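1. Quick one: sequence plus predicted model below, questions after.
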Amino acid sequence: MLQAETVQLLCLTAASGVPLFSRGSSKQLPFSVIGSLNGVHMFGAGQGALLSSCETERGSTVVWRVFQDSLMLIAVSGSGNNAVSKLHLHHLLENTWNCMVLVLGQDELANMRNVERLKRELRSCYRLIDRLLERRGEDQGFMGDLTHCADCLLPSHPAILQQALDSFTQAASSEFGCLLIRGRVALATEKWWRLAPQEVVLLSILVSLLSGVTSCDYPVFLPQGSPTVAHRLLCFQLLPSAVVCVLCGPSPSLHHVESELVGCFWSPVVETLRGCLEQAERSPLPPSVSLRWDVQGLLLINRETRRSVGACPRARSHTSSEALPLSSPARRWELLRHFYTFAVTRYFTSEEASTSPDSSASTAALESLHEEFSGGFTHQPVQCYLVTDECKCYGLQTPQHQLYLLTDLSVPTFALRSVATHTLSAVTATTGF
């Protein structure tokens, strides 16, 4: 259907099947194929069956989802493209819908008045959607599109910057403020953390796309918190790749905040900001966190706050005669994505509760991705491991955290649990994450 290593995203009207846009693969599917994909879904719905996904004889995967009985999104992965899991495709559809709501609002999408006008308006969503299809540049390790957890950076000196952020946000007549360092959430106000995790992820992506301008005033809808009433997203570049943003109402003006508040609150901490940027170049973890030399990569998720932090060391802290050369960071992030999908679709529970208007359909689709644990076992797995030709992987689940770890092949399999426990303690004890 498609060539390997490609994903195509289709958007059609749910009632008539009129194509609205197609993103992703450079070689688009023929109109006859698109019509067939829409037709088989409509046929199933007419028979009382919900068609959420299927696999073709040639190995392609197709995933369907209808939102608000208005728009249908279809994701098609190319044959042989093992890098794109069914879990990722399901999340891609939900993220795409949330992107469209973020930019246009739910009313515009649910109450379609003019198809041609909607086609034109949807163009303003293309950059966000394309970034999702790129999976946010895996060499940088952004995992939020897959985990639906905010990608975070843990600063070495958070107290100083947190005080500056809280004071700046309050002066801007808002309670929603966030500091992004190289696309990761370094700090945020309490109310910002109360936003839905998917909203935090998408706002971070949007701000990264707006980088390069010193300031901007962008209207946004919150897909879960405020899908029909727009808010203003004010963004200010403090330093290259360091952006502070606030969500606010009609006031204050962009000019007032930029001219009166930005310099007042952020100039005194500019050196601390530079230190954060230097840290982000090396790792999202602070230098005080010491990892074992045989740890190739990790993803740590806080299950309570739905935040995550990941790291792939660029060089080993020590050299061992048994150690093989490190794979590229992009490859290790890809392996982490694979292992995360392996673990959450087979063993670990997911606290993610869909808050979309079609939550029942989303829940049914996601439940279908989870394989039944081996018969005869009634307990909930809290650990799992996988040995590959490139590395060894270990997953650890506690009441508060999930840890996904890549280690050298030289690490004995029986020692993986000890390495994971030591790594979890090293990160949480030092940072309080």
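-> Looks like it came in fine. Note that the coordinates shown come from a computational prediction; the quantities given were computed from them, not determined experimentally.
2. Now that we're looking at G137, what pLDDT does it have?
-> As predicted, G137 sits at a pLDDT of 48.
3. and what of M1?
-> At M1, the predicted lDDT confidence score is 52.
4. Also the one 10 residues further on?
-> Turning to C11, the model gives it a pLDDT of 95.
5. for the protein, which spans come out with low pLDDT?
-> Applying pLDDT under 70 to the predicted model, the residue ranges of the chain that meet it are 1-5, 79-83, 135-139, 315-324, 350-378.
6. switch the cut-off to 80
-> Within the chain, the set of residues satisfying pLDDT under 80 comprises 1-6, 25-27, 58-59, 78-84, 135-140, 211-212, 314-326, 349-379.
7. max-length helix in it?
-> helix 86-104 (DSSP state H).
8. buried ones in that helix?
-> Judged by neighbour count using 16 or more other C-beta atoms under 10 Å, the buried positions of helix 86-104 are 86-104. Where C-beta positions appear, they are placed from N, C-alpha and C, glycine not excepted.
9. Give the closest residue to C248 in space, chain neighbours not counted.
-> Once flanking residues are discounted, C248 sits nearest to S174: 4.2 Å by C-beta to C-beta, 6 or more residues apart in numbering.
10. Spell out the secondary structure type for that neighbour.
-> coil (DSSP: H, G, I helix; E, B strand; the rest coil).
11. residues near it, how many?
-> Look at S174: counted by other C-beta atoms under 10 Å, it has 22 neighbours.
12. how close does it sit to L261?
-> Relative to L261, S174 is positioned 11 Å away (criterion: C-beta to C-beta, to the nearest Å).
13. check contacts around the spatially most central residue of the chain.
-> In the chain, the C-alpha nearest the mean C-alpha coordinate belongs to G144, at 1.8 Å (C-alpha atoms, centre = their mean). With contacts taken as C-beta atoms under 8 Å, 6 or more residues apart in numbering, G144 has the following neighbours: R136, A150, D151, V200, V201, S204, I205, S308.
14. where's it relative to R65, distance?
-> Here G144 is placed at a distance of 19 Å from R65 (C-beta to C-beta).
15. repeat for V289
-> Distance from V289 to R65, by C-beta to C-beta: 39 Å.
16. Give me the more crowded residue out of those two.
-> Between V289 and R65, counted using other C-beta under 10 Å, the more crowded position is R65 (24 against 20).
17. Parallel or antiparallel, which strands does whatever helix or strand the more buried one lives in pair with?
-> For R65, the element it lies in under DSSP states H and E is strand 61-67. Take DSSP bridges as the rule and strand 61-67 pairs in its sheet with strand 53-55 (antiparallel), strand 71-77 (antiparallel).
18. Can you convert those into a markdown table and add a column each for distance to T431?
-> Written out in a markdown table, the entries for those read as follows (distance: least, C-beta to C-beta, whole Å):
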| stretch | distance to T431 |
| --- | --- |
| strand 53-55 | 38 |
| strand 71-77 | 36 |
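19. Need these in TSV (columns: mean neighbour count).
-> Shown next, in TSV, are these (neighbours: other C-beta atoms under 10 Å):
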stretch	mean neighbour count
strand 53-55	14
strand 71-77	24
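20. I'd like to know how many residues surround Q8.
-> Per other C-beta under 10 Å, the neighbour tally for Q8 reads 23.
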